[in-house]
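>>> Okay, predicted coordinates and the sequence, questions at the end:
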Amino acid sequence: MTVKKKAPKKRNNGLKFKGQKILLGITGGIAIYKSAALLRELTIEHGADVQVIMTDSALKFMSPLIFETFSGKPVWTSMFSDKEMVGVRHVEISKWADAVLISPATANIIGKAANGIADDLLSTVISGAGTKTIFAAAMETGMYENPIMQQNIKRLKEAGFGFIDPESGPLASGESGVGRLAESRVIVHSLLTHLKTGRLKGKKILVSAGPTREWIDPVRFISNPSTGRMGFSLAEAASAEGADVIVISGPTEVASPVGAELIKVTTAEEMKSAIVEKFAESDALVMSAAVGDYTYPEVGSEKLKKNGSDLTLNLKRTDDILSAISGDKGDKIIVGFSVETENIIENSKLKLHEKSMDFIVVNNPKENGAAFGHDTNKVSIIDRKGSVEELELMSKGELSTLIIDRVSNLLNGS
């Protein structure tokens, strides 16, 4: 058996933007208060190196101090100030940034960018940064739906600028409608997508997630502790690389994945039917769901009553989903997940070959921080050649990126 063990090193805890330089442009809208939380998320939670530019209007709403605290850097406010920077300021800032995120992006800054106006530091930086820029729009409904505004947005999109559409909901005016700044997780995902190479563009990725439930009566069921986090994280990682992603998920309390179509199921049979239907049009399947192995075929319409004696349930084996579709694999990529507590590698290798997987991700729930109910996981990955790569404990986000990178390499023949 070939075992490749990665040398211990300090992990980045799945920081999505480690090593990335982000310029955050903040304009004068009421949604500016959300920018402070977004900056904290980008720097502290995701490891980005962030510099901030605030417009004159933004300075009327909030002090730069909070943004300097979270970024650890001075906030830029003017083309001409006493803050030190070698070279022409707007040129150097534009060159420094891997991406320029404008959040909130008001009607004013969108209009300036769409029409080539560069009359302050931020608009001048945008002019120089070009399509490295992504706008997260926030404004009142009437302003957003104004035909001229829609024309400006269309012009920016057609020119290759990134654009995050606003959401519907209560607005600062007390009205309700489209114009709310998108949730931070949507902005983060869009920014990540903007920075990625799009290696899965045009590919269709199918991901299964979460647990299944097998009912024994109208109020009780057999299930497992899967939360769906791993599957949803895999879906977002694939989407960030440009894939069209469908997620088929059992019941979960986790927020729906950004950038993916979600199909909800409950039982193992429902999950099988959905996967068989969607697999035919997919380029790859990542089977991370914890599908129940047994079902109770005699579910009645009434609750099972206690009668003073023990209860014995005669359970029936559920159909194995990967076995059902492996005959139709063709040149599709199949990734499986395995939860084992004994003979872990041997049992997983057997599954790998029996079900025509390209590689299998092996979990041991006895490991601290691994498998169900954690934000982290510790796995081994086995490929079709029998090579085993043991990975150290890492976040599910980081593991998802690693797995999707492997899928991308297989699909692209690299």
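Thanks, I have it. Keep in mind the model is a prediction, meaning the values are calculated, not measured.

>>> Helices of the stretch 151-300 of the chain, start to end?
Applying DSSP state H, counting those that start in this stretch to the stretch 151-300 of the chain gives helices spanning 184-195, 229-240, 268-279.

>>> Deepest in the core, which of those is it.
Mean neighbours per residue, mean count of other CB atoms under 10 Å, is largest over the helices of the stretch 151-300 of the chain for helix 229-240, with a mean of 28. For the C-beta atoms, the positions are set from N, CA and C on the backbone; glycine is no exception.

>>> So what's the gap between that one and the chain middle?
5 Å (CA atoms, centre = their mean, to the nearest Å).

>>> That helix packs against which elements?
On a contact count with 3 or more CB pairs under 8 Å, 6 or more residues apart in numbering; DSSP states H and E, helix 229-240 meets helix 184-195, strand 204-209, strand 244-249, strand 284-287, helix 396-411.

>>> nearest to Thr133, of the ones you listed?
helix 184-195 (9.0 Å; CB to CB).

>>> Next, the angle from the closest one to helix 396-411.
Calculated by axes from the mean of the first three to the mean of the last three CA atoms, to 10 degrees, helix 184-195 forms an angle of 30 degrees with helix 396-411.

>>> export the helices of the stretch 151-300 of the chain to TSV and tack on distance to Glu390 and mean pLDDT?
Listed next are those as TSV, based on distance: least, CB to CB, whole Å; pLDDT from 0 to 100:
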stretch	distance to Glu390	mean pLDDT
helix 184-195	27	94
helix 229-240	18	96
helix 268-279	29	98
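
>>> Kindly reformat the ones you listed as TSV containing distance to Asn363.
Formatted as TSV, the helices of the stretch 151-300 of the chain follow (distance: least, CB to CB, whole Å):
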stretch	distance to Asn363
helix 184-195	25
helix 229-240	9
helix 268-279	19
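
>>> so where's the chain shaky on pLDDT?
The chain contains residues with pLDDT under 70 at 1-15, 81-89, 414.

>>> any chance of the helices and strands packed on helix 229-240 in CSV, with distance to Ser168 too?
Formatted as CSV, the helices and strands packed on helix 229-240 follow (distance: least, CB to CB, whole Å):
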stretch, distance to Ser168
helix 184-195, 13
strand 204-209, 27
strand 244-249, 23
strand 284-287, 32
helix 396-411, 28
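
>>> Quick one, which of the ones you listed gets closest to Glu145.
helix 184-195 (20.3 Å).

>>> got the angle for that closest one vs helix 229-240?
Using the same axes, to 10 degrees, the direction of helix 184-195 lies 40 degrees away from that of helix 229-240.

>>> residues contacting Gly231?
By CB atoms under 8 Å, 6 or more residues apart in numbering, Gly231 lies in contact with Val207, Ser208, Ala209, Gly210, Val247, Ser249, Val286, Ser288, Ala289.

>>> between those residues, which has the most around it?
Neighbour count (other CB atoms under 10 Å) singles out Val207 as the most crowded of those, with 34 neighbours.

>>> That one contacts Ala284, doesn't it?
No: using CB atoms under 8 Å, Val207 is not in contact with Ala284; the gap is 9.0 Å.

>>> picking that back up, so which of the helices and strands packed on helix 229-240 gets nearest Pro170?
helix 184-195 (17.3 Å).

>>> In PDB, list the C-alpha atoms belonging to that closest one.
The C-alpha trace of helix 184-195 is given here as PDB (Å, rounded to 0.1, in the frame of the first residue of the first chain):
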ATOM      1  CA  SER A 184     -22.100  39.100   3.100                       C
ATOM      2  CA  ARG A 185     -21.800  35.400   2.200                       C
ATOM      3  CA  VAL A 186     -23.200  36.200  -1.200                       C
ATOM      4  CA  ILE A 187     -20.600  39.100  -1.600                       C
ATOM      5  CA  VAL A 188     -17.800  36.900  -0.400                       C
ATOM      6  CA  HIS A 189     -18.700  34.100  -2.800                       C
ATOM      7  CA  SER A 190     -19.000  36.500  -5.700                       C
ATOM      8  CA  LEU A 191     -15.700  38.000  -4.900                       C
ATOM      9  CA  LEU A 192     -14.100  34.600  -4.700                       C
ATOM     10  CA  THR A 193     -15.600  33.600  -8.100                       C
ATOM     11  CA  HIS A 194     -14.300  36.900  -9.600                       C
ATOM     12  CA  LEU A 195     -10.800  36.000  -8.400                       C
END
